[in-house]
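> Take a look and give me a structure for this.
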Amino acid sequence: MSETTRAATRGAAFWICYAVTVISAGVSVTYSVLSVIDGGLEASDALYATSRSVALVVMALVAPMFRSDAGLLAIAVAMTIVQGIDSFIGAVQGDVAKTVGPAVLCIVTIVAATFLARSDRIRSED
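So this is what the prediction gives:
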């Protein structure tokens, strides 16, 4: 594999993982904000969820500024955990949409993060 191909693969892996992570964080913050809107300021659980979701989306959005694979992977892992737990909660509540949507985002994030992690390993074998 040529150096140009390796660099292109690594760049594609980074941006794919970035896009998936931002989408996942965006969906998470959207649902959190909607919960706050539905429950008002008395819904303290929704407020706490929103504060954490906002932090994750901000971190995901600024990841390209530092161009750090490790930083992006850490955010991707956090989003995988969040979406996995959201999927479990949806299953417990018996809501198919709140089960399948987060499960799909969880799996896609795992695939994208694996692609990024493997591209980094391939690059460092040289």
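> if I look at the closest residue to residue 67 other than its chain neighbours, how far off is residue 63?
Leaving out its chain neighbours, the residue that sits closest to residue 67 by CB to CB, 6 or more residues apart in numbering is residue 14, at 7.6 Å. Every residue, glycine included, has its C-beta placed from N, CA and C. Using CB to CB, to the nearest Å, residue 14 is found at 9 Å from residue 63.
> okay, and the common contacts of those two?
Common neighbours of residue 14 and residue 63, counting by CB atoms under 8 Å, 6 or more residues apart in numbering, are residue 72.
> from the chain's centre, how far out does stretch 102-111 sit?
How far stretch 102-111 lies from its chain's middle: 8 Å, per CA atoms, centre = their mean, to the nearest Å.
> And that stretch, what's buried?
The neighbour-count criterion (16 or more other CB atoms under 10 Å) identifies 102-103, 105-106, 108-110 as the buried residues of stretch 102-111.
> And stretch 23-40, by the same measure?
For stretch 23-40, the neighbour count (16+ other CB under 10 Å) marks 23-25, 27-29, 31-32, 35-36 as buried.
> one step back: from the buried residues of stretch 102-111, pick the one nearest residue 78.
Residue 78 has its nearest neighbour among the buried residues of stretch 102-111 in residue 109, at 9.7 Å by CB to CB.
> And that closest one, what's its pLDDT?
Listed pLDDT for residue 109 reads 97.
> Over to residue 17?
According to the model, residue 17 scores 96 on pLDDT.
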